[in-house]
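> Sequence and computational prediction follow.
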Amino acid sequence: MISRLRRAYRGLRLGTRLALGLGALSLVVFAVVGTALTTSMRGYLSTQLDDQLRLAQLGQSKSIAEHGTLQGKKYYRWYYAVYDVGAAGTPALRRPEEPTDLPEDVTALTALARAQTAAGTEVLRTADLAGSGAYRLRACEVEPGVVLVSAAPMDGLQDTVRRLVTVQVVAFGLALLALVVCGRALLRRGLKPLSDMAHTAHGIASHDLTESEARLPLRADRPGGAPEGEELRTAFNTMLEHIDDSLAVRAEAEQRLRRFVADASHELRTPLMSVRGYADLFQSAAANEPAERERHLARLRAEAARMGVLLDDLLLLARLDAAEVETPLRPQEADLVELVGQAADAFRAGHPGRALTVAPGPAALPLRIDPRRVRQVLDNLLTNAAVHTPPGTAVSVAVSVADGRALVRVADRGPGIPPADRSRVFDRFYRVDKARSRDRGGSGLGLSVARSLAEAHGGSLALADEPGATAFVLALPLR
């Protein structure tokens, strides 16, 4: 039975359980208050009755002392007994003139007279008289050798106490019922944000979050409740926003990963097929002519070199992605202006038909960088300007310092990058010109590698928004 009640209690909602707990606590408080009131009232009424007995016995004592018997007005249902105490100290009942002054059984009155004789002072006691009910007894010495015992009924006192208990039970019961009902309504209203969040959570649970495009459109948007409820609702919605953003990032990452795998497979398939084709040629002895064999071998080496460069770029990107575990940089003190000059000289030597201008700037700009990787970024930017612009297009390089950063701006006056492609120029394997051959257009990893290297140095690489020019700005921290 107890286990069944426990299971039923655990199945109740939080608001109901709190209301029942509040009711139980109130019941304890009401019980304590009711007991204190009842005890206080019983004590007060008992004291009043004792005082009434004492005052009545004062008048009766005078009557006995003057007339030898009880005379005058007597209270209804009160009993009086006069005892004469002999030499042996034993009280003997003096028969009254009216038989109604004594109860059917005077044993309790005689015992009280004996107790008064032994104590020598007034004695109070409550006794149950046979056939009459509960009475309050008081014994006092009227004069030497005479003891008066009076008995007052306690029916009125007990009726008053019972009525008080009844009123308390009814009033406390109604108050308890109102407290539970109103408390349940108030608690339900206060816990409404929790119910809304539970409803939202159930709605989220019905969504399939395993899909790559899964999102969380639900929010706990109903206002109300105490400040704590508002704080919880805000935190809950913030958590959902974070999860939704994480799902979006995950979906984007999965899409990039699929595109990356597809592009990498596509990029590696061409040189691999070329290598396989040349291997088949040599196996079938179809390229035995020395000149033809050298040409095929040169082509084979070119494809292998291209595949090696692609794999090196992929390995570098992987190491940059895992830079928290193992950094691919070897920083040292180097002059950025000198590196830019070396990259410009190499560009002029490799592209003699291109006009390259190095704008005046600082004479020297020492930084703590990896010179080989920074040089790789500069070479990628200059090569990108040469490959993706028509012959004769002017290219410029400028070094400057601004806002605690060293800036290298590589710009050209070519056709520019379409607005739709500007946000994806740094994506891996992405080409602005889809029809460009891989021999001229590269693998689409150059800008991605350059940006990753810049970020590994604590800097950035961005495409500047300049009309009539394509400009990339490399920013490196001075410290």
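On my side now, so go ahead.

> For the chain, just list every one of the strands.
79-85, 91-94, 123-129, 133-143, 146-153, 332-335, 356-358, 366-369, 395-402, 405-412, 460-464, 470-477 (DSSP state E).

> Sketch out the low-pLDDT regions of the stretch 1-150 of the chain for me.
9-11, 14-15, 65-73, 96-100 (pLDDT under 70).

> which stretches of it form helices?
2-10, 14-67, 107-119 (DSSP state H, counting those that start in this stretch).

> ok, and which of those helices has the densest surroundings?
helix 107-119 (a mean of 18; mean count of other CB atoms under 10 Å). Placement of C-beta: from N, CA and C, glycine included.

> Any chance of JSON lines for the strands of the chain, columns mean neighbour count and distance to Leu109?
Below are these laid out as JSON lines (neighbours: other CB atoms under 10 Å; distance: least, CB to CB, whole Å):
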{"stretch": "strand 79-85", "mean neighbour count": "21", "distance to Leu109": "5"}
{"stretch": "strand 91-94", "mean neighbour count": "17", "distance to Leu109": "8"}
{"stretch": "strand 123-129", "mean neighbour count": "16", "distance to Leu109": "8"}
{"stretch": "strand 133-143", "mean neighbour count": "18", "distance to Leu109": "7"}
{"stretch": "strand 146-153", "mean neighbour count": "23", "distance to Leu109": "5"}
{"stretch": "strand 332-335", "mean neighbour count": "14", "distance to Leu109": "118"}
{"stretch": "strand 356-358", "mean neighbour count": "15", "distance to Leu109": "132"}
{"stretch": "strand 366-369", "mean neighbour count": "18", "distance to Leu109": "114"}
{"stretch": "strand 395-402", "mean neighbour count": "17", "distance to Leu109": "116"}
{"stretch": "strand 405-412", "mean neighbour count": "22", "distance to Leu109": "113"}
{"stretch": "strand 460-464", "mean neighbour count": "16", "distance to Leu109": "110"}
{"stretch": "strand 470-477", "mean neighbour count": "21", "distance to Leu109": "110"}
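
> on that earlier part again, looking at the helices of the stretch 1-150 of the chain, spot the one closest to Phe172.
helix 14-67 (4.1 Å; CB to CB).

> other SSEs contacting that closest one?
Counting contacts by 3 or more CB pairs under 8 Å, 6 or more residues apart in numbering; DSSP states H and E, helix 14-67 packs against strand 133-143, strand 146-153, helix 155-190.

> Looking at these, spot the one closest to Ala344.
So among the helices and strands packed on helix 14-67, helix 155-190 is nearest, using CB to CB, at 71.7 Å.

> about what we covered before: need the strands of the chain in TSV with distance to Ser26, can you?
Output for the strands of the chain, formatted as TSV (distance: least, CB to CB, whole Å):
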stretch	distance to Ser26
strand 79-85	45
strand 91-94	54
strand 123-129	34
strand 133-143	34
strand 146-153	37
strand 332-335	77
strand 356-358	87
strand 366-369	72
strand 395-402	72
strand 405-412	69
strand 460-464	66
strand 470-477	67
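
> Kindly state which of those strands is positioned closest to Ala19.
strand 133-143 (42.2 Å).

> on that earlier part again, which one, of the strands of the chain, ends up nearest to Leu187?
strand 133-143 (47.0 Å).

> Adjacent strands (with direction) for the closest one?
strand 123-129 (antiparallel), strand 146-153 (antiparallel) (DSSP bridges).

> Show residues contacting the last one.
Which is strand 146-153. By CB atoms under 8 Å, 6 or more residues apart in numbering, the list of residues contacting strand 146-153 from outside reads 49, 52-53, 56-57, 60-61, 64, 75, 77-85, 91, 103, 108-109, 112-113, 116-117, 127, 129, 132-142.

> 7 Å - rerun?
Residues outside strand 146-153 that contact it (CB atoms under 7 Å, 6 or more residues apart in numbering): 49, 52-53, 56-57, 60-61, 64, 77-85, 91, 109, 112-113, 116-117, 129, 133, 135-142.

> Export it to PDB, keeping only CA atoms.
The C-alpha trace of strand 146-153 is given here as PDB (Å, rounded to 0.1, in the frame of the first residue of the first chain):
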ATOM      1  CA  VAL A 146     -15.200  21.500  59.700                       C
ATOM      2  CA  VAL A 147     -14.400  20.900  56.000                       C
ATOM      3  CA  LEU A 148     -16.600  22.000  53.100                       C
ATOM      4  CA  VAL A 149     -16.400  20.200  49.800                       C
ATOM      5  CA  SER A 150     -18.100  21.800  46.700                       C
ATOM      6  CA  ALA A 151     -18.500  20.200  43.300                       C
ATOM      7  CA  ALA A 152     -19.200  22.200  40.100                       C
ATOM      8  CA  PRO A 153     -20.200  20.500  36.900                       C
END
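
> okay but Ile369 is in contact with Gly459, surely?
No. Ile369 is beyond contact range of Gly459, at 9.0 Å (criterion: CB atoms under 7 Å).

> hey, what's in contact with both of the two?
Leu476.

> Turn the helices of the stretch 1-150 of the chain into CSV, columns for distance to Ser246.
Shown next, in CSV, are those (distance: least, CB to CB, whole Å):
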stretch, distance to Ser246
helix 2-10, 34
helix 14-67, 30
helix 107-119, 88
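
> Of those, give the one that comes closest to Arg299.
Nearest of these (CB to CB): helix 14-67, 76.2 Å.

> by how many degrees do the closest one and strand 133-143 diverge?
40 degrees (axes from the mean of the first three to the mean of the last three CA atoms, to 10 degrees).

> From Arg17, how far off is Phe236?
Here Phe236 is placed at a distance of 22 Å from Arg17 (CB to CB, to the nearest Å).

> what's the answer for Gly59, then?
Taken as CB to CB, the span from Gly59 to Arg17 is 64 Å.

> now swap in Ser452 and tell me
56 Å.

> Check Val449 too.
According to CB to CB, Val449 stands 61 Å off from Arg17.

> again with Val142
According to CB to CB, Val142 stands 67 Å off from Arg17.

> what's the answer for Ala359, then?
Taking CB to CB, one finds Ala359 at 76 Å from Arg17.

> Tell me the predicted confidence for the residue nearest to Ser400 when sequence neighbours are not counted.
Excluding the flanking residues, the one nearest Ser400 by CB to CB, 6 or more residues apart in numbering is Leu407, at 4.9 Å. Note on Leu407: pLDDT of 89.

> residues in contact with Leu407?
Ser400, Val401, Val473, Ala475.

> so the first one touches Ala359, yeah?
No. With contacts defined as CB under 7 Å, Ser400 does not count as touching Ala359, sitting 8.5 Å away.

> ok, for Leu382, nearest residue in space, not its chain neighbours?
Computed as CB to CB, 6+ apart, the closest residue to Leu382 that is not its neighbour in sequence is Phe347, at 4.5 Å.

> in the stretch 351-479 of the chain, what spans have low per-residue confidence?
Checking the stretch 351-479 of the chain against pLDDT under 70 turns up 420, 423, 428-444, 467-468.
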